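Q: pasting the sequence and the predicted coordinates here, then a few questions.
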Amino acid sequence: MAAIELTDANFQSEVLESNLPVLVDFWAEWCGPCRAIGPIIAELATEYSDRAVIGKVDVDNNPQTAMKYNVRSIPTLLFFIDGQVRDQLIGAVSKRELQKKLDSLSQSAT
């Protein structure tokens, strides 16, 4: 399962109204670190398909959502529970670090 493509149009329904924890990767095609963590995001989307929603927002094509969450550097990774930002990571981070955050959010969401 691939990460969900999030847009200005579907962000509300896919992220803010989700019953599961959500990891949102704000990225751009031209961003080297974003491309570096892309495969990790895809792996997490498969591994956490029953426990979390994993999505990606292309900041060039969806500027409203990026502005709303003050995304100034990419990649920016926001973690949501019940429509609220609960955590944030900026820059290319390890898969293990993302797993720890997702596991922590999954436990606090139950």
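A: Thanks, I have it. Keep in mind it's a predicted model, so treat the numbers as computed, not measured.

Q: can you tell me the helix or strand for the spatially most central residue of the chain?
A: Closest to where the C-alpha atoms of the chain average out (C-alpha atoms, centre = their mean) is V24, at 1.4 Å. Using DSSP states H and E, V24 maps to strand 22-27.

Q: so how far is stretch 12-28 off the chain centroid?
A: Computed by C-alpha atoms, centre = their mean, to the nearest Å, the chain-centroid distance of stretch 12-28 equals 6 Å.

Q: which residues sit against that stretch?
A: Where contact means C-beta atoms under 8 Å, 6 or more residues apart in numbering, the residues beyond stretch 12-28 that reach it are 3-4, 6, 34, 37-38, 41, 44, 48, 51-60, 66, 69, 71, 74-81, 83, 86, 98, 101-102, 105-106, 109. For the C-beta atoms, the positions are set from N, CA and C on the backbone; glycine is no exception.

Q: may I have it as PDB, with CA atoms only?
A: Taking Å, rounded to 0.1, in the frame of the first residue of the first chain, the C-alpha atoms of stretch 12-28 are listed here in PDB:
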ATOM      1  CA  GLN A  12      -9.700  17.700   5.900                       C
ATOM      2  CA  SER A  13     -11.300  14.300   5.100                       C
ATOM      3  CA  GLU A  14      -8.100  12.200   5.000                       C
ATOM      4  CA  VAL A  15      -6.200  13.700   7.900                       C
ATOM      5  CA  LEU A  16      -8.300  15.900  10.200                       C
ATOM      6  CA  GLU A  17     -11.300  13.500  10.200                       C
ATOM      7  CA  SER A  18      -9.200  10.300  10.400                       C
ATOM      8  CA  ASN A  19     -10.000   7.800  13.300                       C
ATOM      9  CA  LEU A  20      -6.400   6.600  13.100                       C
ATOM     10  CA  PRO A  21      -3.100   8.500  13.800                       C
ATOM     11  CA  VAL A  22      -1.800  10.200  10.700                       C
ATOM     12  CA  LEU A  23       1.800  10.900   9.500                       C
ATOM     13  CA  VAL A  24       1.900  13.600   6.900                       C
ATOM     14  CA  ASP A  25       5.100  14.100   4.800                       C
ATOM     15  CA  PHE A  26       5.400  17.600   3.400                       C
ATOM     16  CA  TRP A  27       7.700  17.200   0.400                       C
ATOM     17  CA  ALA A  28       8.600  18.400  -3.100                       C
END
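
Q: all set, thanks.
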